[in-house]
Structure formats: C-alpha cells, structure tokens
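1. A predicted structure for the sequence below; I have some questions about it.
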Amino acid sequence: MSNENNTENHTFTLTDNATGQQYELPVLNGTVGPKAIDVRRLYRDTGYFAYDPGFTSTASCSSAITFIDGEEGVLEHRGYSIDALAEHSDYLDVCYLLLYGELPSAQQKKEFDFSITRHTMVHDQLASFFKGFRRNSHPMAIMVGVVGALSAFYHGGTDINDPIQRMIAAHRLIAKMPTIGAMAYKYSIGQPFIYPDNDRTYAENFLKMTFAVPCEEYKVNPVLARAMDKILILHADHEQNASTSTVRLAGSSGANPFACVASGIASLWGPAHGGANEAVLKMLAEIGTVDRIPEFIERAKNPDDDYRLMGFGHRVYKNYDPRATVMRETCHEVLHELGIKDSPQLDIAMELEKIALEDEYFVKRKLYPNVDFYSGIILSAMGFPTNMFTVIFAIGRTVGWVSHWKEMIEDDEKKIGRPRQLYTGNGHRKFESLDKRAFEAAHTNGNGNKSLWGKLWGAKKS
Ligand code: CMC
C-alpha cells in the first residue's frame, strides 16, 4: 500500500505568522470520507510538530478495512454496511471479509470454517496457567495473561515476515479466543473446562463451552446463538479505535501477534472503551429504580461532576451508532425469547434511553445510546455475569485486531509508531549533589507546588 497514488493535485498552505513563511503540504485522498493533510514532512520542513492529544484530527495510517462516517452514522467493512452483514452473514463470513478483503465463495467459506474449527483447542499445558490466577480474578486479567502466553506456545512458528505464518497466527487467534474466554469463566465459577465441539458454529460453540456442564446434554437455543453471532459481528472491527491502535502500535515494533493482541485486550478493558458494557450494567444497578433516574441525569449534566452515563456517546459517531440500531432489535428478540417482560433493569434502561434522546443536554451533544448500552442488557439476560461482557467484546474484536495487524505488516509505508510530544517540564537544570539538595526543591515540581511525592511525604510526616 502506498499513498503516492492518493495524493491530490491541490495542496494545503500553512503560514507561519511569526515569519510570514509559507509551506505547501500535500493533500491525500481516501476512497470516501474526509481528505487528509500529509504532515509527515512537517517537522523536517518547518521545525514544528502537530499537536493532537487523543488523535481527534490525526490519521495514524491508511487502511482499506473499515469505513466510518460518524456524522451520518455509517459503518462499512470492505464496503458492506454493518446492518447488511448482521442481517445476512454469520460471524465467520465477516471474519473472512475483514481478513481477506472479500466475502468468501461457498468453497472458501467451507475451508475457512474448517480451519477455524480445527484450531479451537488450546495446548493442554495452557490449562494449567489458569490455576495461577485467583478464582475471583477479573476474566479480562486472565485474558491478558493467557493470550499473551500463547506466544510461548506458538512463538517458534510465528515468523511475522512470512505471509503464511501470519495467516496461521490470525486463524489461531480467532479460533482460540472463545475457548480461552470460556475457560476464564469456567475457572471463575469452579466448573470443569468444556472442550470445543467441532460440529457447532462459532457462536454455538462459545455458548456451549461457557454454559454446558459435562454431566448434562447442552441444547443451544437458536435465537440466543444468532444473537451471540450478531454481537460478535457488531464488535468485529471499528477502524482505529484505542485497542486496535494499541495492537498496531505494539506490532509496529515487530512484536509477535499474540503479544500484540494481549496489548489490545488490555486497552479494551478500560470503561471508556470495551469496559463500557460492563459499566452500563453497574450503572443500571446503581440507579436501582426508575424514580432515581433524574438524579443520575442531573449528575451526568453537571459540569462539576465527572459522572457520565455509561453506554451513551461515542468519539466518532455524532449520529446514532448504526450498531446500536441492530443491537436494540436483537435485545428485544432475546428478551422476548426468554420471556423477560418485567425487569427493573430493562425499565431503567428504556427510560434512560428515552430521556437521553429527548433531553437538550444529550441532544445538543449528540450523545446517543451506543452499541454497549444494548449489548450489556442482552448478555445479562443470556446469563453472562457482567465481568464477561468485555471478554465477549474481545472475542469479537480479535478478527479486527489481527486484520489491522496484518495490514500494517504488509503496508510498504509502515514505520515503528513513535509519537512526539510538546514538552512542558523543566528547562535544563544544573545537577545538585545529594548533600546540597534543599528539602523544598526536592519535594516540589519546580513551580513551588508540592509534587506527588512531596504530598505523600508531607502526609506521612503529619
Ligand atoms: N454522559 C454525559 N456526558 C457526556 C457523555 C456521557 N456518556 N459522553 C460525553 N459527554 C459530554 C462531555 O462531558 C462533553 O460535554 P461538554 O462539551 O459540556 O464538556 C461532551 O459530551 C463531549 O464529550 P467528549 O469527552 O469530548 O467526547 P469524547 O469523544 O472524548 O468521548 C466517549 C467519547 C465514548 C469516551 C464518551 O462519550 C464516554 O465517556 N461515554 C461513556 C462511555 C461509553 O459508553 N463508552 C463506549 C463507547 S462505544 C464502544 C467502543 O467503541 O469502544
């Protein structure tokens, strides 16, 4: 991949008002979506860096996998809209599309499904890793550790410069994540691990490994299996989100894919990202009853209170999250199938949704319910404990992570990710030997304010 052919014939002129000097910056053209100003030579040509904490205006790479138009609420994978994929595909169809760029033919699908199914077992020795964790460990903590540990089992065969080995690593990760996720759950509740069943679909297999016990036959409810499949599809990829960017950044140094995906899992865990579906359920429990909603809405609106309504708002979507539309429908199907009509949790969720869609604060800031608002409710109804929600997000997102990792490795323009910074610390200072350092100087941050260590030290003394 190269941006040479994407360069627009117009440029962007930057004027330094201090010197009057002008610089021409190339403009890059994507297939659809906003153009980008190419600032790669900015520092070399002007001596300035671009400053963009949180990357709100910075494209860190070019990618042909996923397109999002946040203003219009559009999400497309390789050109196919998410609602069409959720409606007509299954999760492994979408995995193939993300990894290989095209929807599979019937034969390709058969071979792909076979390959994923045959990689679902984990090395038996991996099972002993779980015993090292406390039973009450968060399953995401186990996921970070165990997925990272896959490097110790498959490192010898993972030459990232070999396209075949890259693809085998991708298949292994997609295949083993549900097995590891289900094992993390089984370990936490003290039940034996359930082996994958090669006759099941990907979603059915995950449900079985999670909920079956060896002493009973397990029947998969097709409505729940289809809902799980949709949840996985809706979480499969979301372009350069925090965890995918983490995977790309880790991979840019040449790290192996298992280690990179472990870093993605760590990033996903945070409540502002994948941890939001768990946070939604905690919030619903905290609110407790419908009559307490106004109190929480007021807190969310109060500029002096950090409180946020979990499951609302999105960095990119400033219109309805298209995944939330599908998820909302699936949520009602699952609740209907399970006969759940009167649930205080659901009542609160529906009332919150209604208020947020009407309240001026939320409307003005375009804070719509996002995918995690509904996925938490569905997963809870299916019987998953809240701490498994982000694990399920991680299982679905693995294909996105490995597709981006693979795309990055195969990109001619790849470079080690190494952002710059605007330094705001002390200027150069003369080194003081220990006996000459005054207490105040050593315990302030240079501006006369107490440093954290100074505060801790002061607190200890008093
Ligand atoms: N509740 C109340 N106010 C909010 C919320 C919220 N959930 N989200 C944003 N705002 C306000 C925020 O206070 C700010 O107000 P003001 O302009 O008066 O200062 C304004 O809306 C813009 O917020 P922002 O922080 O600039 O928005 P962001 O793009 O940096 O943050 C977000 C996006 C998803 C981190 C944020 O909306 C949030 O924390 N939402 C709750 C967590 C959540 O549901 N995350 C899941 C995202 S979807 C899954 C995924 O893709 O990972």
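-> Okay, I see it. Residues are numbered from 1 along each chain as shown.

2. leaving out sequence neighbours, find the closest residue to whichever residue of the chain sits closest to the ligand.
-> Going by Cβ to the nearest ligand atom, the ligand is nearest to residue 313 of the chain, at 2.4 Å. Every residue, glycine included, has its C-beta placed from N, CA and C. Nearest non-adjacent residue to residue 313, counting by Cβ to Cβ, 6 or more residues apart in numbering: residue 367, 4.2 Å away.

3. might you report the residue contacts of that neighbour?
-> For residue 367, the contacting residues are 309, 312, 313, 356, 361, by Cβ atoms under 8 Å, 6 or more residues apart in numbering.

4. what about the first one, how many neighbours?
-> Using other Cβ atoms under 10 Å, the number of residues around residue 309 comes to 23.

5. just to be sure, it is in a helix?
-> No: with DSSP: H, G, I helix; E, B strand; the rest coil as the criterion, residue 309 is located in coil rather than a helix.

6. do you know the pLDDT at it?
-> According to the predicted model, the pLDDT of residue 309 comes to 92.

7. next, count neighbours for the residue nearest to it when sequence neighbours are not counted.
-> Of all residues not flanking residue 309 in the chain, residue 300 sits nearest, at 4.6 Å (Cβ to Cβ, 6+ apart). Residue 300: 21 surrounding residues under other Cβ under 10 Å.

8. go through the strand or helix carrying residue 280 and flag the buried ones.
-> Using DSSP states H and E, residue 280 maps to helix 276-287. With burial defined by 16 or more other Cβ atoms under 10 Å, the residues of helix 276-287 counted as buried are 276, 277, 278, 279, 280, 281, 283, 284, 287.

9. can you give me the helices in the stretch 1-150 of the chain?
-> 42-46, 82-88, 91-100, 106-117, 127-130, 139-154 (DSSP state H, counting those that start in this stretch).

10. residue 123: what's it in contact with?
-> residue 153.

11. also the one 5 residues further on?
-> Taking Cβ under 8 Å, 6+ apart as the definition of contact, residue 128 has no neighbours.

12. please apply the same query to residue 186.
-> 192, 193, 194, 209, 210.

13. what about whichever strand or helix holds residue 336, average pLDDT?
-> Element membership of residue 336, judged by DSSP H and E, is helix 322-337. Across helix 322-337, pLDDT averages out at 91.

14. buried residues, that helix. List them.
-> 322, 323, 324, 325, 326, 327, 328, 330, 331, 334, 335, 337.

15. and if you look at stretch 208-228?
-> 208, 209, 210, 211, 212, 218, 220, 224, 225, 226, 227, 228.

16. and if you look at stretch 37-44?
-> 37, 38, 39, 42.

17. measure the second one to residue 62 for me?
-> To residue 62, residue 38 is 11 Å away according to Cβ to Cβ, to the nearest Å.

18. pretty sure residue 199 sits in a helix.
-> No: counting by three-state DSSP, residue 199 is not part of a helix but coil.

19. read off the pLDDT value for it.
-> 92.

20. what about it, neighbour count?
-> Count around residue 199 with other Cβ under 10 Å applied: 8.

21. what does residue 347 give?
-> So residue 347, with other Cβ under 10 Å, has 14 neighbours.

22. so, low pLDDT: which residues of the stretch 51-200 of the chain?
-> Within the stretch 51-200 of the chain, the stretches with pLDDT under 70 are 156-157.

23. identify whichever of the helices of the stretch 1-150 of the chain lies nearest to residue 256.
-> Shortest separation from residue 256 across these is recorded for helix 139-154, at 5.1 Å, computed as Cβ to Cβ.

24. thought the residue of the chain closest to the ligand was touching residue 372?
-> No: using Cβ atoms under 8 Å, residue 313 is not in contact with residue 372; the gap is 10.5 Å.

25. for the two, work out which one has more neighbours and name it.
-> Legend: neighbour count by other Cβ under 10 Å for residue 313 and residue 372, higher for residue 372 (30 against 21).

26. quickly find the element holding the more buried one.
-> Counting by DSSP H and E, residue 372 is found in helix 371-382.

27. what does residue 213 give?
-> Here residue 213 is assigned to no helix or strand, by DSSP H and E.

28. what residues does this protein have near the ligand?
-> 238, 241, 272-274, 276, 300, 308-315, 365, 367, 370-372 (Cβ under 6 Å from any ligand atom).

29. can you do 8 Å?
-> Counting by Cβ under 8 Å from any ligand atom, the residues of the chain close to the ligand are 54, 56, 238, 241-243, 268, 271-274, 276-277, 279-280, 300-301, 303, 307-316, 321, 361-362, 365, 367, 370-373, 393.

30. and those residues, which are buried?
-> Applying 16+ other Cβ under 10 Å to those flags 238, 241-243, 268, 271, 273-274, 276-277, 279-280, 300, 308-314, 316, 321, 362, 367, 370-373, 393 as buried.

31. what comes into contact with the host helix or strand of residue 261?
-> Assigning secondary structure by DSSP H and E places residue 261 in helix 257-268. By Cβ under 8 Å, 6+ apart, the surrounding residues in contact with helix 257-268 are 140, 143-145, 147-151, 154-155, 158, 160, 166, 169-170, 173, 242-247, 249-251, 255, 273-275, 390, 393-394, 397-398, 401-402, 405.

32. next, the buried residues of that helix.
-> 257, 258, 259, 260, 261, 262, 263, 264, 265, 266, 267, 268.

33. what of stretch 23-31?
-> 25, 26, 27, 28, 29.

34. which residue sits closest to the fourth one in space, ignoring its chain neighbours?
-> In space, residue 28 comes closest to residue 36 once its chain neighbours are excluded; the distance is 4.6 Å by Cβ to Cβ, 6+ apart.

35. the one you found is in contact with residue 12, isn't it?
-> No: using Cβ under 8 Å, residue 36 is not in contact with residue 12; the gap is 9.7 Å.

36. which one of those two is surrounded by more residues?
-> In terms of neighbours (other Cβ under 10 Å), residue 36 is the more surrounded of residue 36 and residue 12; the figures are 19 against 15.

37. just the pLDDT for the more buried one.
-> Reading off the model, residue 36 has pLDDT 96.

38. likewise residue 356?
-> For residue 356, the model assigns a pLDDT of 84.

39. how near is it to residue 365?
-> Relative to residue 365, and taking Cβ to Cβ, residue 356 is found at 10 Å.

40. remind me, longest strand of this structure?
-> strand 7-15 (DSSP state E).

41. so which other helices or strands are in contact with that one?
-> strand 22-28 (3 or more Cβ pairs under 8 Å, 6 or more residues apart in numbering; DSSP states H and E).
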